[in-house]
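Visitor: A structural model of the following input is requested.
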Amino acid sequence: MARPAGLTERFAKVNGVRLRYLMGGQGSPVILLHGYAETGHMWRPIMPILAQRHTVIVPDLRGAGGSAKPAAGYDKKTMAVDIHELTSSLKLDRVTSCPASATGRTCGSCATCGTSTSTATCRWRW
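Guide: I've put the predicted structure just below:
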């Protein structure tokens with residue numbers, strides 16, 4: 001399926017795994033994290049809206065969508081490191097995170113809840 005206009009598909013090797021993500025827009029960075037048994041595709045309806053005022057980053061977490069599917073590493077801490085390394089590779093030191101759990105979906109926060117303030121700086125706003 002076609003990606004939303006204005007967002008480009010990218011890949012990053014982080015924490016030993018290749019993650020697929022969409023990125024676009026300008027402004028303060030917002031990372032949208034999907035829930036269990038989902039992909040970044042779940043955010044399609046709001047990606048273009050947020051991209052009008054924000055830099056939007058929409059990864060497929062390890063094991064989902066276009067990201068690599070390693071045999072291990074599906075715990076919260078490892079997935080948090082994946083997202084931290086992704087934002088670090090993009091030279092983002094402060095990111096607003098919107099996990100799927102904030103929208104009524106399940107387990108979307110797993111990749112940020114496991115992140116301590118010593119490894120990443122995140123703001124929670126919803």
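Visitor: just the helices in the protein please.
Guide: Listed in chain order, the helices of the chain (DSSP state H) span 47-51, 76-89, 110-113.
Visitor: these: which one's closest to residue 16?
Guide: Closest of these to residue 16 is helix 76-89, at 9.1 Å (criterion: C-beta to C-beta). Placement of C-beta: from N, CA and C, glycine included.
Visitor: list the buried residues in the closest one.
Guide: Across helix 76-89, burial judged by 16 or more other C-beta atoms under 10 Å covers 78, 79, 80, 81, 82, 83, 84, 85, 86, 87.
Visitor: make TSV out of those residues and add pLDDT and distance to residue 4.
Guide: Formatted as TSV, the entries for these read as follows, by pLDDT from 0 to 100; distance: C-beta to C-beta, whole Å:
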residue	pLDDT	distance to residue 4
78	95	29
79	94	24
80	92	26
81	95	28
82	96	23
83	95	21
84	93	25
85	96	25
86	96	19
87	95	20
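Visitor: list just the nearest of the residues you listed to residue 93.
Guide: When the buried residues of helix 76-89 are compared for distance to residue 93 (C-beta to C-beta), residue 87 comes out closest, at 8.1 Å.
Visitor: please look at that closest one and residue 59 and confirm they touch.
Guide: No. Counting by C-beta atoms under 8 Å, residue 87 stays clear of residue 59, with 9.6 Å between them.
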